[in-house]
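Undergrad: quick one, structure for this:
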Amino acid sequence: VGADWPAYGGTDAARRYSPLGQINRGNVARLERAWVYRTGDIPEEKWGAETTPLKVGDTLYLCSARNILIALDPATGGERWRYDPQVSDDWIPYTAACRGVAYYERPAAEGAEAGLCAARIIEGTLDGRLIAVDARTGRPCPDFGTGGQVDIKQGMGRVYPGMVSITSAPTIVRGVVVTGHQVLDGQRRDAPSGVIQGFDAVTGEHLWAWDMMRPEVQGRPPEGETYTRGTPNMWTTASGDEGLGLVYLPMGNSAVDYWSSTRRPAENEYSTSLVAIDVTTGRPSWHFQSVHKDAWDYDLGGQGTLIDFPTEGGSIPAIILPTKQGDFYVLDRRTGRPLTRVE
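TA: Numbers count the residues shown, from 1 in each chain. Predicted coordinates for the structure are as follows:
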């Protein structure tokens, strides 16, 4: 952790801590506003300003309510570039909101020192796309998917506008862009799948999918079939461990949060759980459930924070999981084993 803020939670560990010392308890009361920037993107209704900007080098990166990507000069607030992916208002779910974007640099072995999109900004959109643009210019990355975008809705079958939306920043571990998505709750039991997917951060290639009801389907579903509909989704932000190659998914509920009688065994097993996914295979390494048979909409809405948990003989790599109930769980992030007492 240094002068930059390159991921939604500061780093993929989500510690939300900066070591910078220029602003401190002694002078914070004397702060004055230096500049204001207005995105100009205000839908007529259902608008939310939720973005957490990234700061990398001499640039801030953020997204507007309808996923317009913007780069600013952090010293002046001046706009350097903007890219509009043209999201239709039809696709706004509960709120037109984009919580953040992801930053990725191609490894030096792949020629990251020069060329378009050596460093790129990747975001998910309200209409279920991943967008990649050059971090310096805002131009779409031609090597990513088709014209700089991929559609995560492939394999989901029928998706009505507003039913599937990416509202949180994707998490990138070992060059794999891992994304979940929001599924509009309380509409229908056979809502689109909550499938989790991994994409190559450079090419946009679909690497794997985790459909909890059909774990054997690791890619796109066979012709004429879809990912299992109505399964729990991950609408919030995951955290990641580059060393372990794991991404930690705070999962939500099956479609129709408050009615559990038709949930299938795998849905009861994984709903309202933290699931550690191996980014190499797309398979769960472990999971920990914070609410059993959740019919109260206690889905996990907070990003887990990676820490070194102190022990008598040293420390254990751990993750702190916050919940809607006000409980915090401390788990060994290698295995999911609780490190504090759980009753």
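Undergrad: quick one: mean pLDDT over stretch 44-62.
TA: The predicted model gives stretch 44-62 an average pLDDT of 93.
Undergrad: what's the end-to-end length of that stretch?
TA: With C-alpha to C-alpha, to the nearest Å as the measure, stretch 44-62 spans 21 Å from end to end.
Undergrad: got the contact list for that stretch?
TA: 4-8, 39, 63-65, 69-74, 80, 89, 92, 94-101, 103, 119, 121, 135, 167, 169 (C-beta atoms under 8 Å, 6 or more residues apart in numbering). (Each C-beta comes from the backbone N, C-alpha and C, glycine too.)
Undergrad: cool, stretch 335-343 as well?
TA: 274, 276, 285-288, 309, 316, 318, 329-332.
Undergrad: ok so, going back, narrow the contacts of stretch 44-62 to those in strands?
TA: Counting by DSSP state E, those place C63, L69, I70, A71, L72, R80, Y103, A119, I121 in strands.
Undergrad: can I get these in TSV including neighbour count?
TA: What follows is the ones in strands among the contacts of stretch 44-62, written out as TSV (neighbours: other C-beta atoms under 10 Å):
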residue	neighbour count
C63	29
L69	24
I70	24
A71	24
L72	20
R80	15
Y103	22
A119	15
I121	27
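Undergrad: can the residues you listed go into a markdown table with extra columns for distance to K293?
TA: Below are the ones in strands among the contacts of stretch 44-62 laid out as a markdown table (distance: C-beta to C-beta, whole Å):
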| residue | distance to K293 |
| --- | --- |
| C63 | 36 |
| L69 | 40 |
| I70 | 43 |
| A71 | 46 |
| L72 | 46 |
| R80 | 50 |
| Y103 | 39 |
| A119 | 45 |
| I121 | 40 |
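Undergrad: out of the residues you listed, flag the one nearest to L184.
TA: Of all the ones in strands among the contacts of stretch 44-62, L184 sits closest to C63, with 20.4 Å by C-beta to C-beta.
Undergrad: ok so, going back, are any of the contacts of stretch 44-62 buried, and which?
TA: Buried members of the contacts of stretch 44-62, counted by 16 or more other C-beta atoms under 10 Å: 5-8, 39, 63-65, 69-72, 92, 95-101, 103, 121, 135, 167, 169.
Undergrad: now the helices for the stretch 201-343 of the chain?
TA: 265-270 (DSSP state H, counting those that start in this stretch).
Undergrad: where in it is pLDDT low?
TA: Regions of the stretch 201-343 of the chain meeting the criterion pLDDT under 70 are absent.
Undergrad: now with 90, please.
TA: 256-259, 343 (pLDDT under 90).
Undergrad: surely D185 and A255 touch.
TA: Yes: between D185 and A255 there is a contact under C-beta atoms under 8 Å: 6.9 Å.
Undergrad: ok, these two, which is more surrounded?
TA: A255 (27 against 19; other C-beta atoms under 10 Å).
Undergrad: isn't the more buried one right next to R189, touching?
TA: Yes: counting by C-beta under 8 Å, R189 is a contact partner of A255 at 5.6 Å.
Undergrad: where do the contact lists of these two overlap?
TA: Residues touching both A255 and R189 (C-beta under 8 Å, 6+ apart) are G230.
Undergrad: now what about the biggest strand by length in the chain, what contacts it?
TA: Across the chain, the strand with the greatest residue count (assigned by DSSP E) is strand 314-322. Contacts to strand 314-322, defined as C-beta under 8 Å, 6+ apart, come from residues 239, 241, 244, 248, 250, 274, 288, 290, 300, 302, 304-309, 328-334, 339.
Undergrad: closest to G26 out of the ones in strands among the contacts of stretch 44-62?
TA: L72 (28.3 Å).
Undergrad: once you drop chain neighbours, what's closest to A169?
TA: Residue nearest to A169 in three dimensions, not counting chain neighbours: G100, with 3.6 Å by C-beta to C-beta, 6 or more residues apart in numbering.
Undergrad: check contacts around the one you found.
TA: Here G100 is in contact with Y8, T51, T52, P53, L54, L62, C63, E123, S168, A169, T237 (criterion: C-beta under 8 Å, 6+ apart).
Undergrad: which of these ranks first by neighbour count?
TA: When neighbours are counted by other C-beta under 10 Å, C63 leads these with 29 neighbours.
Undergrad: contacts only, for that residue.
TA: Contacts of C63 by C-beta under 8 Å, 6+ apart are T51, L69, I70, C98, G100, V101, E123.
Undergrad: from I70, how far out is it?
TA: Counting by C-beta to C-beta, to the nearest Å, the gap from C63 to I70 is 7 Å.
Undergrad: E32 now?
TA: 24 Å.
Undergrad: S254 is in contact with M213, isn't it?
TA: No: here S254 does not reach M213: they are 10.4 Å apart, not a contact under C-beta under 8 Å.
Undergrad: okay, and the common contacts of the two?
TA: Joint contacts of S254 and M213 (C-beta under 8 Å, 6+ apart) are T231, E267.
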